[in-house]
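Asker: mind looking at a prediction? Sequence and model below.
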Amino acid sequence: MDLELGMVSKKNRRWNDVVLAYKTLGVVFGGLVTSPLYVYPSMNLKSPTEEDYLGIYSIIFWTLTLIGVVKYVCIALNADDHGEGGTFALYSLLCRHANVGILPSRDTDSKTNNLNAEQSSSGIKQSRLQKFIEQSMTARRILLLVAILGMCMLIGDGILTPAISVLSAMDGLRGPLPSIGKSAVEGSSAGVLIALFLLQKYGTSKVSFLFSPIMAAWTFTTPIIGVYSFLRYYPSIFKAISPHYIVNFFLRKGKTGWQLLGGTVLCITGAEAMFADLGHFNKKSIQMAFIFTIYPSLVLTYAGQTAYLTKNLNDHRDGFYKFVPGPVYWPMFVIATSAAVVASQSLISATFSVIKQSVALDYFPRVKIVHTSAIKEGEVYSPETNYILMILCVTAILGFGDGQDMGNAFGVVVILVMFITTILLTLVMIIVWRIPILVAGLYFIPFFIMEGVYVSAVCTKIVEGGWFPFVISIILASIMFGWYYGRQKKLDYEMTNKITVESLGGLISSSETERVPGLCLFYTNVQDGFTPILGHYIKNLHSFHKVTIFTTFRYLLAAKVDPNERIIVRKFGLTGIYGCIIQYGYADFHSPAADELVNQIISSLKTYISNNSNGLLPTLVDEEILQLEEAKSTSVVYVKGKTRFQTGKETGWFDRIILGFYEFLHRNCRSAVPNIGIPLQQNIEIGMLYKA
């Protein structure tokens with residue numbers, strides 16, 4: 001009986017994986033599977049020959065095989081952080097297994113500290129590389145910079161994927177309708193994207209049932225046309241799989257062939273989404289979908305395109321639509337445009353997720369994050385991010401207008417994200433998986449060389465469009481650095497001027513301070529002591545609530561926090577004064593109502609008091625619990641600080657500029673306290689100037 005149940009359970013799991021694999025078509029692989037729309041049009045081919053096309057196809061085939069199958073499917077998908085993937089998850093994994101982070105949230109992460117302690121006590125030998133990074137602040141800062149650059153480039157991907165995908169698909173109108181001009185295609189593409197961005201506020205779940213069927217139609221029809229095309233034009237096309245065609249291509253083309261790599265790299269665009277969207281599905285479903293559908297579909301589609309071009313040498317500018325047979329042209333145009341919209345949606349959603357993770361860990365100024373699904377925690381929407389993306393996407397279409405220049409910009413984003421993943425994944429192998437450096441080198445060296453050559457090729461295109469993602473990344477990195485620097489300065493001031501437990505005891509025992517009835521939730525980021533705002537508050541108001549809970553929202557560098565570890569409470573040894581830390585991971589869903597949050601905290605405190613009575617009389621324990629209940633029923637107020645830096649003549653010019661920029665960001669961002677629906681009459685803000 002148990003054996004039968006086990007077999008049924010195994011079949012159910014397999015079926016669930018198959019269903020998930022089908023769903024990945026509409027979310028994960030949109031950008032990758034639509035790449036045939038713009039790979040050949042983005043290449044600056046001059047008087048191409050049949051041998052040139054065979055060499056290009058060989059490069060495309062081996063790029064898809066090595067980067068798509070070997071790097072991502074076989075290796076990277078195993079480097080998840082509690083089910084979450086992407087460059088950010090790799091950095092998270094490193095910070096949790098070694099002391100390589102530099103942000104305060106890393107240093108105060110008890111789990112990380114405990115883990116490091118356990119590793120030391122258990123005698124696990126640290127690698128020389130790990131020791132070097134841990135001991136070098138410069139190395140740790142470079143590691144953070146690399147992770148930030150990866151996030152910036154992924155956001156750049158979210159800008160350029162919608163632009164190039166929709167523009168390339170809409171360009172199909174000009175084939176059968178020559179009267180339609182370039183500006184009309186650009187305008188209609190911009191209109192489609194504006195409509196797509198305006199629909200984002202409703203959440204992808206409202207239209208997601210359309211995504212997978214559309215991408216399934218695209219994934220299965222393009223290889224059919226590909227098979228028809230190579231059987232008709234060049235039945236022996238697969239001889240180009242032999243690597244010697246790549247060698248011959250570079251020997252013949254030389255520097256020109258190297259520069260053309262800036263176009264061939266686009267064949268693997270969207271592969272990073274396999275890893276980044278891991279948290280929405282699972283490893284097996286993504287592997288199944290890629291190996292059994294996406295990979296063969298792309299190999300056959302590019303084979304058909306290349307076969308057509310070997311007989312029509314100068315049609316590469318419209319390399320996709322020209323090889324589509326006339327009778328199915330318009331159906332394929334509709335499918336291609338729909339698929340381009342779906343591909344755009346997947347990268348837009350990924351950008352929202354990256355921004356949410358960055359905000360949660362204080363890497364980025366706080367913007368509004370809306371959860372658009374009660375079921376899918378990862379489905380989020382950010383209004384500010386959405387409209388900025390919309391403006392940048394439309395600007396890219398109207399500014400570039402040419403598939404080749406936009407392809408140059410896109411190539412920079414695609415390969416730099418992958419290059420960063422290779423570096424971080426190698427560090428994970430050595431530090432987290434504890435693979436010997438020589439063995440890790442078998443992964444690092446070939447991919448570093450391969451992707452390094454691609455990087456060198458796309459960097460030659462910086463003047464011809466490649467500057468765009470660099471400008472976007474510099475702006476984003478500047479925002480992140482300015483925000484981080486200001487937060488560090490603020491933390492330094494608070495730690496230097498913090499209120500100790502002894503000082504607080506003196507303040508509240510003073511005859512000038514009255515203990516008023518009720519419950520106060522005092523928000524603070526200082527965990528070892530109390531924020532300077534507290535002294536400012538007591539000295540000016542001369543009052544203090546009988547029950548005060550110092551509440552800190554801590555965002556850990558981990559995907560999710562167990563609900564049992566969500567709320568951590570403590571006593572400070574002063575009557576009616578408690579501490580509470582509410583922990584969240586960067587992929588956690590959290591928006592409790594104010595009343596619900598108070599009830600959860602009071603419940604945790606009751607349990608803590610009961611379990612840590614330390615020999616106290618039961619009556620005293622009951623009195624303390626009763627005091628909590630009475631305070632909650634009397635009144636509840638929420639106090640939070642609003643601080644600014646005060647700069648003077650003694651402040652250096654660098655601090656004046658950076659802190660001024662930080663204050664601008666701080667004034668225009670959302671509150672640090674989650675929107676939990678606090679009534680205005682219960683909300684108190686205390687202002688204070690911090691000396692820079």
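Answerer: Structure received.
Asker: helix or strand: which one has L689?
Answerer: strand 683-691 (DSSP states H and E).
Asker: residues of that strand that come out buried?
Answerer: By neighbour count, and taking 16 or more other CB atoms under 10 Å as the criterion, the buried residues in strand 683-691 are 686, 688, 690. (Glycine included, C-beta is placed from N, CA and C.)
Asker: let me know the closest of those residues to T264.
Answerer: For the buried residues of strand 683-691, the minimum distance to T264 (CB to CB) is 52.7 Å, reached by Y690.
Asker: so what's that closest one bridging to?
Answerer: The bridge-partner assignment for Y690, based on DSSP bridges, gives F645.
Asker: wait, it sits on K490?
Answerer: Yes - applying CB atoms under 8 Å, one finds Y690 in contact with K490, separated by 6.4 Å.
Asker: between the two, which contacts overlap?
Answerer: Any residue near both Y690 and K490 by CB atoms under 8 Å, 6 or more residues apart in numbering counts here, and that gives 643, 645.
Asker: in terms of helices and strands, where is the residue nearest the centre of the chain?
Answerer: Residue closest to the average C-alpha location in the chain (CA atoms, centre = their mean): V354, at 2.7 Å. Secondary structure assignment for V354, by DSSP H and E: helix 329-360.
Asker: go through the biggest helix by length in the chain and flag the buried ones.
Answerer: The residue-count maximum for a helix in the chain (DSSP state H) belongs to helix 137-170. Under the neighbour-count criterion of 16+ other CB under 10 Å, helix 137-170 has 140, 143-144, 146-170 buried.
Asker: show me which positions of the longest strand along the chain end up buried.
Answerer: Assignment by DSSP state E gives strand 543-556 as the longest strand of the chain. Of the residues in strand 543-556, those scored as buried under the neighbour-count criterion (16+ other CB under 10 Å) are 544-556.
Asker: possible to save those residues as JSON lines with pLDDT?
Answerer: Supplementary listing: the buried residues of strand 543-556 in JSON lines, determined by pLDDT from 0 to 100:
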{"residue": "F544", "pLDDT": "91"}
{"residue": "H545", "pLDDT": "91"}
{"residue": "K546", "pLDDT": "90"}
{"residue": "V547", "pLDDT": "92"}
{"residue": "T548", "pLDDT": "93"}
{"residue": "I549", "pLDDT": "93"}
{"residue": "F550", "pLDDT": "92"}
{"residue": "T551", "pLDDT": "90"}
{"residue": "T552", "pLDDT": "87"}
{"residue": "F553", "pLDDT": "83"}
{"residue": "R554", "pLDDT": "81"}
{"residue": "Y555", "pLDDT": "74"}
{"residue": "L556", "pLDDT": "73"}
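Asker: hang on, the earlier thing: with just CA atoms, put the longest strand of the chain into CSV.
Answerer: Coordinates of the C-alpha atoms in strand 543-556 are reproduced here as CSV (Å, rounded to 0.1, in the frame of the first residue of the first chain):
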residue,chain,number,x,y,z
SER,A,543,6.3,62.0,29.1
PHE,A,544,6.8,58.3,28.4
HIS,A,545,4.2,55.5,27.9
LYS,A,546,3.8,52.9,30.7
VAL,A,547,4.3,50.2,28.0
THR,A,548,6.8,51.0,25.2
ILE,A,549,7.9,48.5,22.7
PHE,A,550,11.0,49.5,20.6
THR,A,551,10.2,48.0,17.2
THR,A,552,12.7,47.3,14.5
PHE,A,553,12.0,46.0,11.0
ARG,A,554,14.9,43.9,10.0
TYR,A,555,15.3,42.8,6.4
LEU,A,556,17.7,39.8,6.2
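Asker: quick one on the thing from earlier: for the buried residues of strand 683-691, which one is nearest I472?
Answerer: When the buried residues of strand 683-691 are compared for distance to I472 (CB to CB), Y690 wins out at 31.7 Å.
Asker: in contact with the closest one: list those residues for me.
Answerer: Residues in contact with Y690 (CB under 8 Å, 6+ apart) are 490, 493-494, 532, 643-646.
Asker: change it to 7 Å
Answerer: For Y690, the set of contacting residues under the criterion of CB atoms under 7 Å, 6 or more residues apart in numbering consists of 490, 493, 643-646.
Asker: mind checking how far F275 is from I75?
Answerer: Remark: distance between F275 and I75 (CB to CB, to the nearest Å) = 10 Å.
Asker: which one's more surrounded, those two?
Answerer: Shown here are F275 and I75; by other CB atoms under 10 Å, F275 has more neighbours (27 against 16).
Asker: tell me the pLDDT of L605.
Answerer: The score at L605 is 92. That number is its pLDDT.
Asker: the one 4 residues further on now?
Answerer: Reported pLDDT at I609 in the predicted model: 88.
Asker: what's the helix or strand for it?
Answerer: Under the criterion of DSSP H and E, I609 resides in helix 594-611.
Asker: that helix: how far from the chain's middle?
Answerer: A distance of 33 Å separates the C-alpha centroid of helix 594-611 from that of its chain, computed with CA atoms, centre = their mean, to the nearest Å.
Asker: how far off centre is the longest helix of the chain?
Answerer: Using CA atoms, centre = their mean, we find the averaged C-alpha position of helix 137-170 to lie 9 Å away from the chain's own average C-alpha position.
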